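A.B. asks: quick check, what structure comes out for this input:
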Amino acid sequence: MKRKLFAFDLDGTLLDAYPAIIASMNHTLARLSLPQAEPDTIVRAVGLGNGGLIRAFVPESHFREAQRIYREDHLPRLSSDSRLLPGALELLERLKAHGKKLAVATNRSRESADILLDTLAIRPYFDRVLVGDEVPNPKPAPDILLALLEHFGVAPAETLYVGDMTIDAQTGAAAGVDTLIVITGSSSRAEVAAAAPYRIIDSLADFPAGEYRD
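C.D. replies: Predicted coordinates for the structure are as follows:
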């Protein structure tokens, strides 16, 4: 069955916003007089939304204040400290040229996802953008993909989900959707392989044309 819908994660998959995330997380820790975190440690905590990221470094007693500090610092940074990953724009253009439906499935907040899509000028490529707090349960629960399947009226076999982390592979498996993992994000190849996704590639520049050519 040919693919009709391609759903994408954002961070580590289509774009690199890690400089903004690292800077905002350490800014938050400094404001709370907490120890700074190593960049690699922050990157590996990305994927469960801002709440999950902050809870990885901040005691629950400081969580609400940390959320406020992080948001105030992070949203302005996204416009200057984010970039598309190699091959991302070219892939989106090819998929649209082949008449495919495209969607975003991210655990980011709506506010931050909108900033990234607009700053990087890729919003016009997407037919639907869905974020983690707009479904009952965020990734790795299947809710976000199941909502997209219902919205577009497509079967799991007609869909490909593209992500960069083990939680993306888990999300796809739970939804019955093939998941292609690109090793440009927070999870190592070994970690991703252990989650047994449909396919693993090194870069979006290596995206298999057979997935979208009819």
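A.B. asks: can I get the CA coordinates of the helix or strand of the chain with the lowest mean pLDDT in PDB?
C.D. replies: Considering only helices and strands, the least confidently modelled element of the chain by mean pLDDT, DSSP states H and E is helix 49-55, at a mean of 89. C-alpha atoms of helix 49-55 as PDB (Å, rounded to 0.1, in the frame of the first residue of the first chain):
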ATOM      1  CA  GLY A  49       8.200  18.200  26.100                       C
ATOM      2  CA  ASN A  50       9.400  21.100  28.200                       C
ATOM      3  CA  GLY A  51       7.900  19.700  31.300                       C
ATOM      4  CA  GLY A  52       9.800  16.400  31.000                       C
ATOM      5  CA  LEU A  53      13.000  18.300  30.200                       C
ATOM      6  CA  ILE A  54      12.800  20.600  33.200                       C
ATOM      7  CA  ARG A  55      11.900  17.800  35.600                       C
END
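A.B. asks: let me know the outermost residue of this protein.
C.D. replies: The centre of the chain is farthest from one residue, Ser33, which by C-alpha atoms, centre = their mean lies 29.6 Å away.
A.B. asks: helices or strands next to the longest helix anywhere in the chain in the packing?
C.D. replies: The helix of greatest length in the chain, counted in residues with DSSP state H as the criterion, is given as helix 63-80. Secondary-structure packing of helix 63-80 (3 or more C-beta pairs under 8 Å, 6 or more residues apart in numbering; DSSP states H and E): helix 18-31, helix 49-55, helix 110-119. Using the backbone N, CA and C atoms, a C-beta is placed for each residue, glycine as well.
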